[in-house]
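**Student:** build me a model from this:
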Amino acid sequence: MDKKEQILALAAKYRDYTAQNLGKLVQTKSYSSQEENVCRLIVKLCQEAGFDEVKIDGLGSVIARIGNGPKKLAFDAHIDTVEVGNLKNWTFEPFSGAVKDGKVWGRGSSDQKGGAAAMITAGRILKELGYGGEYSIYFTFTVMEEDCDGMCWKYMIEKEGFKPDFICSTEPTSCRIYRGHRGRMEIRIILRGISCHGSAPERGVNAAYKAAKAALAIEQLNKDLKPDAENFLGKGTICVSQMDVKGPSQCAVADYAMIYCDRRLTWGEDADFALKQVREYVSKATGDSEDQIVVEMPNYEKIGWTKTPYSQELYFPTWKIDRDHPLVKAAVKDYQELFGAEPVVDKWTFSTNLVATTGRHHIPAIGFGPGDEAQAHAPNEITRVKDLEISSAFYAMLPYMIEKGVK
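**Tutor:** Below you'll find the model as predicted:
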């Protein structure tokens, strides 16, 4: 058999193995910064699959390797999940990890432990094929992405000096090839008023009313944002995600208001640009001068399971690579060779760890993963077993295709 036939045969052979591994990962609860148990499980699974090296980095991510080539190709899956939300919205146990009806069921099955399970199988396939090519192939199972996407990779690159030549994110893409997504940032707005007794509100300045006007200004800003010039990533967005209003008592005019915003950044938009926009819109709406309004980008400072202190500002740069980039071409050829069809080449709506690897550090990257983006953070989350088989074959084939087409 040629390489393509060998890979397809092994991916099919290990189809149930991949699904069962995903079930085990789903059953192992791993909220952000609480991933130790699932990391220990992944170490065990990678060792059993015959990886050449398996280790845990300082922040808690698992890094496994196949091959000893001078170049580096990394496949990435974050292995933390969001919480389950209202249990009444679930029709089954969120951490069941059941494999039935051609699906794996439970929190994280699509976002994004499915990619992790397919990566383990791909490593096993490459080991059985005796891969000894140009690349050391790394499989990174990363932590704290749901809280602060990319911080795990920022740590690996800037603190541990690990910088691959190419990266494939295994976030869910419905087995399509993705080549970009919008960036994002978090913005906090602080507005001040003057308190007075609630029986005579005209004596004070109510910060709650300022907040209401500011929130409507943010709504208008969202309507005014424009798409990127290529119209590939689409328009940026901004929305109010939290509000808090306080005063000295329940019988007083509020003298403090906080508005928290989620801002998605299209190509050509950055943090300074977004903060300036918010200051202008809020100032105009409230009548305060721009220097009276606090518009800031908060820091993320939660400590992970290894207790290693590390933080960053809540800014996640936009990224994309060209449709004719050699890595995209290699991925397209990979799909064509394996499946005899043309892949869809598109983009994510949400954000991934590639904000750090590619947005900050300009490492060429693509995305290809099992499951659907719409399953992320939703109740009754599932992924298709067929997607796992397709993805494990795609990952195992990719280094061979890159060696043919990327120099």
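
**Student:** what residue spans form the domains of the protein?
**Tutor:** In terms of domains, the chain is parsed into 3-181+318-405, 183-300 (source: automatic domain parsing).

**Student:** deepest in the core, which of these is it.
**Tutor:** Comparing the domains of the chain by mean neighbour count (mean count of other Cβ atoms under 10 Å), domain 3-181+318-405 ranks first with a mean of 21. Heads up, the C-betas are built off the backbone N, CA and C, glycines and all.

**Student:** would you map the helices across this structure?
**Tutor:** For the chain, the helices defined by DSSP state H cover 3-13, 15-27, 36-48, 113-129, 151-158, 207-224, 271-286, 326-339, 354, 385-405.

**Student:** now distance to residue 196 too, for those, in JSON lines please.
**Tutor:** What follows is those, written out as JSON lines (distance: least, Cβ to Cβ, whole Å):
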{"stretch": "helix 3-13", "distance to residue 196": "70"}
{"stretch": "helix 15-27", "distance to residue 196": "55"}
{"stretch": "helix 36-48", "distance to residue 196": "51"}
{"stretch": "helix 113-129", "distance to residue 196": "54"}
{"stretch": "helix 151-158", "distance to residue 196": "43"}
{"stretch": "helix 207-224", "distance to residue 196": "12"}
{"stretch": "helix 271-286", "distance to residue 196": "18"}
{"stretch": "helix 326-339", "distance to residue 196": "61"}
{"stretch": "helix 354", "distance to residue 196": "50"}
{"stretch": "helix 385-405", "distance to residue 196": "60"}
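
**Student:** thinking again about what came up before, between the domains of the chain, which gets nearest to residue 311?
**Tutor:** For residue 311, the closest of the domains of the chain is domain 183-300, at 5.5 Å, according to Cβ to Cβ.

**Student:** sorry, back to before: and the domains of the chain as a markdown table, adding distance to residue 312 and mean pLDDT?
**Tutor:** Shown next, in a markdown table, are those (distance: least, Cβ to Cβ, whole Å; pLDDT from 0 to 100):
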| stretch | distance to residue 312 | mean pLDDT |
| --- | --- | --- |
| domain 3-181+318-405 | 5 | 98 |
| domain 183-300 | 6 | 97 |
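
**Student:** could I get those as TSV with distance to residue 307?
**Tutor:** As requested, the domains of the chain are exported to TSV (distance: least, Cβ to Cβ, whole Å):
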stretch	distance to residue 307
domain 3-181+318-405	9
domain 183-300	16
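
**Student:** one step back: for residue 188, which of the helices of the chain is the nearest?
**Tutor:** Residue 188 lies closest, by Cβ to Cβ, to one member of the helices of the chain: helix 271-286, at 9.9 Å.

**Student:** just the CA atoms of the closest one, as PDB, please.
**Tutor:** Extracted C-alpha coordinates of helix 271-286, given in PDB (Å, rounded to 0.1, in the frame of the first residue of the first chain):
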ATOM      1  CA  ALA A 271      -6.100  47.400  20.700                       C
ATOM      2  CA  ASP A 272      -5.200  51.100  20.400                       C
ATOM      3  CA  PHE A 273      -7.700  51.700  17.600                       C
ATOM      4  CA  ALA A 274     -10.500  49.900  19.500                       C
ATOM      5  CA  LEU A 275      -9.900  51.700  22.800                       C
ATOM      6  CA  LYS A 276      -9.900  55.100  21.000                       C
ATOM      7  CA  GLN A 277     -13.200  54.300  19.400                       C
ATOM      8  CA  VAL A 278     -14.900  53.500  22.700                       C
ATOM      9  CA  ARG A 279     -13.600  56.700  24.300                       C
ATOM     10  CA  GLU A 280     -15.000  58.800  21.500                       C
ATOM     11  CA  TYR A 281     -18.400  57.100  21.500                       C
ATOM     12  CA  VAL A 282     -18.900  57.000  25.200                       C
ATOM     13  CA  SER A 283     -17.700  60.600  25.700                       C
ATOM     14  CA  LYS A 284     -20.100  61.900  23.100                       C
ATOM     15  CA  ALA A 285     -23.000  59.900  24.700                       C
ATOM     16  CA  THR A 286     -22.400  60.900  28.300                       C
END
